[in-house]
Structures are given as structure tokens and as C-alpha cells.
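>>> Quick one: sequence plus predicted model below, questions after.
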Amino acid sequence: MKVFFTLIFILLSSATFAKEQAEEIFAQLTPSLYQIKLIDKASGEKSSIGSGFQISSDGIIATNYHVISSYARHPEKYRIEYLDHQGNMAEVELVSVDVINDLALVKRQVDLKMPYFKLSDKKPIKGEKLFALGNPHDLGMIVVPGTYNGLKKESFNERIHFTGSINSGMSGGPVVNTNENVVGINVATSGNQIGFLVPHDKLVLLFNDYKKQPPNNIKQQMLTQLMASQDKLMTTLLNSTWQSKELASKAIIPIIEVPFIRCWGDSNADKKDALILRAIANCSLNENTYLSSHFFTGTVELDFSYMQAKDLSDNKFYHLYQQQISLASAGNRAGKDDVSEYQCHHDLVRPSSTENTEQSINNKSIFCTRAYKDFPKLFDVLYLGATIDKNQQALVSHFTLAGVNQENAMAFTKKFMEAVSWK
Amino acid sequence: MEVTKSELSAPKVSSTEMTNSCDDFTAETGEIIIEEITRNHKLIHRHRLNKNEVSIGRGYQNDIILADPHICPQHLSLKYRQDKWQLIDNNSVNGTRLENSKSVNQGTNQQVINDGDVIVVGKSQLRVVFNSHKVAKTIAFSPFESLIDIIRHPIAVFFSIALFMLIAGNISYLNQPTEINISQLFVSALKMTLVFSIWPASVALVSHLTKNDPRILAQLGISFSFFILLWLSDLLEEIIAFNTVGNSILGSTIGLLPIGLAFSLFWLNSYIGFHVSTKRRMIVAISITTLLFGGSYLIQYSKKPEFNPRPQYNAIIMAPSFLVAPSSNVETFIDSSNALFEQANKAAQKN
């Protein structure tokens, strides 16, 4: 009983402590917190909202790239405005972005030196208490206490796993530790108290680069970042081990051994009335790069499916098999203003690496690519290989890559084509 | 004087003598051929008369009896005088009109009839021709005739329809993603056959309605033979698309085959069903073909979205027994795929 009381007391006291701390933090930091609004020039109404926080005395405000993405893509259509805690509104200027880490810097006019958020110089420790600030759903500024739970596992671009509610509208708001130093920036949520933050060091890097040399063209800056990011991703993928794995004990497919590519499998072995036995494996990169609400890039998808006819004529099997491969689509979302239409090419291909062996495979191979309109030398590519050498069995190997350059795309295609074979 | 003479001699000459006799006789005796025709100048009935006077009307005493209620009982008569036939209207209620000539007013004068003239009485039409009337050249049997003779044979028709049903059944078998039994296949093949027989049936119906011989068996035989040929051309096109690389010339040339086949089908339909000039038959066949293929192209074109986010590629695959082309290696494929990037760049710059 005594132990129980002690526990309750400790819990109560820590709750009171946290509450007091949250109040204090909110009161102190609120003058440097803003709501960031994107105003559609023609209608004069806001088209998207997010949060932001000042990080320098001369008016630099940090927010998420996705909050101001419409402006970055179409500066002629929108303007960016801030709303401070006293209800003052004014236009701000976009000065720098980090499209990969979803960060942006905007600048407001200041007459006097202003208070601002200090960026932490060390990483938080697991279990550390943090406070997320922001303006969810335009309901007013709030503070949300939560816990630092390390970096998100298996991610290519680092994200902090934050246990606490992050809601839309809080995007771009700061997350501070008990010393009121910024350790992360609200960016995403997957519901049920699981929130994701951009680590503060990405912001430090962006801010330092800005101080050194402000970019003179945001689009050019984005292109440079996208190029560097795809190069980093593709180099990692191409230099990792491509482990040969069996699919349905009949085919050999490559599994790229990097933690951020995750695979799932399924089959219809339980369906007695299915005419074709099907086993599928799907591997993909679980993140993408947001460019605008209709344009994403940076995706990687690999798909394999093995099919075996059950009591079917060869012609019918191939007829149904053709229906399976005729509807491949892009792995990422992109519209008319973002990309060209796909250009495709097909051929019958027998990789010479497998020739004259039992693994020999003969494919109908299809390769398609589309170019980015605003980011020259970046492409989305799609490959589809369908075997045509067995009467009653088929293997479909398929991948899509988004936002890669020609060299990386072709190196990946070559490696992929040579890694798929019969067992 | 001459007139009286010929009038007198006329009853003496029998029709058999007439046909055997020479030109100088016709000068003496009137021989006239009167054709009852429709308003579209289609022949209903033809009369050959060896008389110097021909009476036409609704009454039963007439040489030519017409049932048209707008015609008088003794409407008009035609008289042979001075080597010429003349038209005499007997004060008819609605008058008589010689086409390409002035109207004959009731009871006034007599008009000379020339070869090929059309007499309009009431709502009926009569065409007058003489035995010297020139007829068109004899049309020799075209090589199609013997082909059509084979195709329209009941056994041949039965076989072409049976083969068509077999193909239709096979198509529905291939397209069915779940299990299917024979009776279901038979029903769907039968349905397909019935739908496809609408075409030859309607052509036969139209030719019947236009006073031509319907020749339903020939129409069925020729249509189903061509439906089979069209399916074969589809199969050929598919095999070529499967075995060729990129957008080959052969692939696009073979795409013209169904157009040619459809044109031939329409031409033969018209050849069997209608007696029209070669030029007209050609125009009709070309028009239907253009309407069919041009129309479907237009529909496809209008449905094409302004921007297609999905890749459009040749996904045709067939069982290994249809594979004849050799495969290339990965390097060749990569090389040719490299060219696509330039194409994509151009497409991106276009708008």
C-alpha cells in the first residue's frame, strides 16, 4: 500500500511538473511562434496553413517545405504570410529550402532585434521529454508534451520518432527540450501518438549554408538537392549486396540488402478455385520526397510475381498472364505540368549471364521513362520483364524508380535484369 | 395512204411471223414494248405488242390494264402512223404526261413517242421501247462468281458458320478468368454468331426490299468467311507484334490488312446483293469501310486524354510455340533504351 501511494505521488508530482514546464515554455516562446499561411493571390484566401518558428534575431523563420511547396512551384500564383501571437500579419519571402528533409526558411521584416528559438547543439537521449509546438487545424497555438524515441528505424532520410500527438497544421512547428532548445521540427504523423520530426541538425545545416551563401534560385537549389539525393540513394542501392532469393522455389529474384527497402509477400495458395497459382514478393522504399500535393518523387519499388497454370491450355494461360502485365503504372504521383508522358520500348531479351544454363530465362522486356519538366536530367523509369519461355509457368519482374538520372537508371536496370532468372 | 395500208395489214401478221420477219416489216406493222415501271424506274411488268393501236386504261377492254385509281377506264391510246408511234389522250381526268416533253392537255393533240420515253399516267409510269432499242454490253462472269458459287453452297455455309462458332467459343474461353464449361461456351458462341449474322441478314433484306435477289445463303457464306479471315488477320497481327522489336514497319503495315478485308467484304456483299455499276459499288464499299474505321478512330481519338500518366506499351505475349524471333541480350536492350531519355526530354520540352 505504501509503495502504491508513493508511486501515485511520484506520478502526480511529475505530471504537475510537466504541466508547469509546458506553461512556462509556451509563455516564453510564443512571441517567436508563427502560423504560416499560403494565400492564393487571385482569390485572396488561404490555400494551406502550417506553423513556423523564428531562428534568428533578423527574422529568419523555419518551417516545412511542404507548407510552402505550392509557392516554391508556382511563385506567381501565391504569396506567403505569417500570423504572430498578437494577430499581426505580413508577407514573408522564401529564402531557402531543403526539399529532401522537408525544410524551408522564410524571412520576415524586423525593425528591432527579436527573441528567437535557439537550436540545440546536442541530440536528445531516448526517453527524454520534449514539447511540440504548433497550430493544429487552425485552432490556435498549442503545446504538446511527448517523448523522444530515437530515430525512425529503417529510414533512408533520418526522422525522429516522437511519441505524442502531431496534427496537421502543426507542420513546421518546433519541438523543444526542457532547456527550450529546438531538437526537431514537426513533419508527419501516423496517428495514435506516433509523430515524426526532422532532426534539428538538418535545420542547422540549412541555416549555416544560408548564412554562408543564400541560394539565388530556389528551383535550381531543389534540382541540386534532388540530384544529390538520388545519387546517394542509387549509389547505396547499387553498391549493396543483391541477395539472390527463391520465389516459390522456381525462380530467383534479387533482394537488396539495405534496411530501408522492406519486402512483403503473398500468394493465393489457399484459393482452390483459382486457375493460376500466384506468389508475389514486393519490396519498396517506405518514404518519398514531397514536391507538391500532386507530385512526389524518390520512390523505389520492386515487384516479382510467379505464376503457374493449374489445368489450363498454354494459350489460355498466356492470355490471362498478358492481362496481368498490361496495366503497369508509375510508382509515384505526377501530373501534366510536372512530367512528360511515358516513352516506351520493348524487346525480347535473354541475359547472356544465364545463357546455356538451367537458369536460362527469356523475357519480353519493356522499358519506359518520362522526363521531369522543371528538373532537367531527372526521370521516372519503369521496367517490366515477362518470361516467355515456359508453357505453364511465368515470372514477372518489375521495378519503378522515381527521380533518377539516366546513368543511375540504366545501371540499376542492367543489374536488375541480370539478377532475375529461373532456378 | 400508207397509214391505211399498214392498219389493214396489221391483223394479218402473226406474232411468230413478226419475229422472223425483217426490218421492212416493222416499218409496216407497229411493234411496241411497254414496260410498267416503278417511280424508281424498276421494272414491274413488260408487254410486247404487235399492233398498230394500243389502248391503255383501267377498263378490262384495254390492251394494257392498269389498276391505278387515278387512271380513266379509257385513258389513252398509242397509234402507229407514218412509221411513228403517237400518243393520244382520251380526255382523261388527270391527263397524260410524256417525260422530257410538254404535258398533253386533254383532248388536244397527239405526240410522237421516241424510244425510251416514259409516259406518266395517274400515279403509274410506263416506258416505251422499240425492238431496235440498244441494250448494254453483256457482262462476263467475274472470277468471283465461281468463288461465290462454292461459298454459297449450303455445306460450305454450314462449315464457315461452324468454324466461326468454334473461334467465338475459343475467344470466350481465353477471356474467361474463371472455370467455364462446354455449354456456357456454346451459348456464348451461339450468341456471338447470331449477333454477327445480323450483317448478312440485313444486306439480304435490303436487297430484297430493293427488288433484288436476296441470296441469303451467299451473303451468309461470304460474310462468315470474311469474319474468319478478319480473325486470322488479328492473330497474324498479334504474332507479328509479339515477335518484333519496337514499332516495326511490318507491324504497322499488317494493321492495314483488316481494312482491306473489310473493304472486300463490303464490295462482295454489294456484288451479290445489288445490280449496280462498278463505280457505284466501289463508292459504296469505300464509304462503308471509311465510316467503320474512320468512325472507330475518331471515337478513340476523342477519348484520348490530354495527358496520360500511365505508360503505353506493347504488352503482347504469347505461348512459346508462337515465338520465332531471336532474343537480344541485356546490353543491346540497355543501348536502345538509352535513346528513350532523349525522346522523353523532347516530350517534356514540348509544352
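Here it is on my side, so go on.

>>> What pLDDT does the model give the spatially most central residue of chain B?
For chain B, B:Ser270 is the residue whose C-alpha lies nearest the centre (Cα atoms, centre = their mean; 2.7 Å). Looking at B:Ser270, its pLDDT stands at 92.

>>> what's the nearest residue to B:Gln219 if we skip its chain neighbours?
B:Pro200 (3.9 Å; Cβ to Cβ, 6 or more residues apart in numbering or on different chains). All C-beta spots, glycine's among them, are computed from the backbone N, C-alpha and C.

>>> quick one, helices of chain B?
Assigned by DSSP state H, the helices in chain B fall at B:2-9, B:15-20, B:23-28, B:143-151, B:154-175, B:182-209, B:216-243, B:249-254, B:257-273, B:278-303, B:330-350.

>>> again, but for the stretch 251-400 of chain A
Ranges of helices in the stretch 251-400 of chain A, per DSSP state H, counting those that start in this stretch, are A:314-325.

>>> what residues are up against B:Leu185?
For B:Leu185, the contacting residues are B:Gly169, B:Ser172, B:Tyr173, taking Cβ atoms under 8 Å, 6 or more residues apart in numbering or on different chains as the criterion.

>>> Could you show which parts of the stretch 51-200 of chain B are in contact with chain A?
Where proximity means Cβ under 8 Å from any Cβ of the partner chain, the interface of the stretch 51-200 of chain B facing chain A comprises B:Tyr173, B:Leu174, B:Asn175, B:Pro177, B:Thr178, B:Glu179.

>>> Most neighbours of all those residues, which one?
When neighbours are counted as other Cβ atoms under 10 Å in any protein chain shown, the busiest of those turns out to be B:Tyr173, with 18 neighbours.

>>> what bits of chain A have low per-residue confidence?
Residues of chain A meeting the criterion pLDDT under 70: A:1-22.

>>> longest strand anywhere in it?
Here the longest strand in chain A is taken by residue count, with DSSP state E as the criterion, and it is strand A:393-404.

>>> elements contacting it?
Taking 3 or more Cβ pairs under 8 Å, 6 or more residues apart in numbering or on different chains; DSSP states H and E as contact, the helices and strands that strand A:393-404 lies on are helix A:218-239, strand A:295-297, strand A:300-309, helix A:314-325, strand A:379-387, helix A:406-419.

>>> can you pull the buried residues of the following helix or strand past the first one?
Tracing the chain C-terminally past helix A:218-239 and defining elements by DSSP states H and E, one meets strand A:242-247 next. Of the residues in strand A:242-247, A:Trp242, A:Leu247 count as buried by neighbour count, 16 or more other Cβ atoms under 10 Å in any protein chain shown.

>>> contact partners of strand A:242-247?
Among residues not part of strand A:242-247, those counted as contacts by Cβ under 8 Å, 6+ apart are A:252-257, A:279, A:281, A:304, A:306, A:395, A:415, A:419, A:423.

>>> Then stretch A:114-130?
With Cβ under 8 Å, 6+ apart as the test, stretch A:114-130 has contacts from A:18, A:29, A:31-32, A:53-57, A:59, A:145-150, A:162, A:164, A:174-184, A:199-201, A:203-204, A:207.

>>> gap between A:Asn268 and A:Ile55?
Spatial separation of A:Asn268 from A:Ile55 under the definition Cβ to Cβ, to the nearest Å is 54 Å.

>>> so how many other residues sit close to A:Ile280?
Burial measure for A:Ile280: 17 neighbouring residues, criterion other Cβ under 10 Å.

>>> Show the contacting residues for it.
Under the criterion of Cβ under 8 Å, 6+ apart, the contact list for A:Ile280 reads A:Gly265, A:Asp266, A:Ser267, A:Asp303, A:Phe304, A:Ser305, A:Tyr306.

>>> Mind checking which of the residues you listed are buried?
Neighbour-count burial (16+ other Cβ under 10 Å) is assigned, among the contacts of A:Ile280, to A:Asp303, A:Phe304, A:Ser305, A:Tyr306.

>>> could the residues you listed be laid out in CSV, adding distance to B:Phe164?
As requested, the buried ones among the contacts of A:Ile280 are exported to CSV (distance: Cβ to Cβ, whole Å):
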residue, distance to B:Phe164
A:Asp303, 40
A:Phe304, 41
A:Ser305, 36
A:Tyr306, 37
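
>>> with those residues in mind, which one is nearest to A:Lys336?
If you rank the buried ones among the contacts of A:Ile280 by distance to A:Lys336 using Cβ to Cβ, A:Asp303 comes first, at 25.9 Å.

>>> Not counting residues beside it along the chain, what's closest to that closest one?
Residue nearest to A:Asp303 in three dimensions, not counting chain neighbours: A:His398, with 4.3 Å by Cβ to Cβ, 6+ apart.

>>> what's the spacing between A:Glu287 and A:Ser240?
Distance of A:Glu287 to A:Ser240, given as Cβ to Cβ: 17 Å.

>>> cool, and A:Leu226?
Using Cβ to Cβ, which is the criterion applied here, A:Leu226 is 21 Å from A:Ser240.

>>> These two - which one has more neighbours?
Neighbour count, other Cβ under 10 Å: between A:Leu226 and A:Ser240, A:Leu226 has more, with 23 against 13.

>>> That one against A:Asp98, yeah?
No. In this structure, A:Leu226 is not within contact of A:Asp98 by Cβ atoms under 8 Å, at 11.1 Å.

>>> Now do B:Ala136 against B:Ile33, distance only.
The span separating B:Ala136 from B:Ile33 equals 16 Å under the rule Cβ to Cβ.

>>> What residues are bridge-paired with the residue nearest to A:Gln359 when sequence neighbours are not counted?
On the basis of Cβ to Cβ, 6+ apart, the spatially nearest residue to A:Gln359 that is not a chain neighbour turns out to be A:Ser421, at 4.1 Å. On the basis of DSSP bridges, A:Ser421 is bridged to A:Ile252.

>>> contacting residues for A:Ser421?
With Cβ under 8 Å, 6+ apart as the criterion, the residues that contact A:Ser421 are A:Ala251, A:Ile252, A:Pro351, A:Ser353, A:Thr354, A:Gln359, A:Ser360, A:Ile361.
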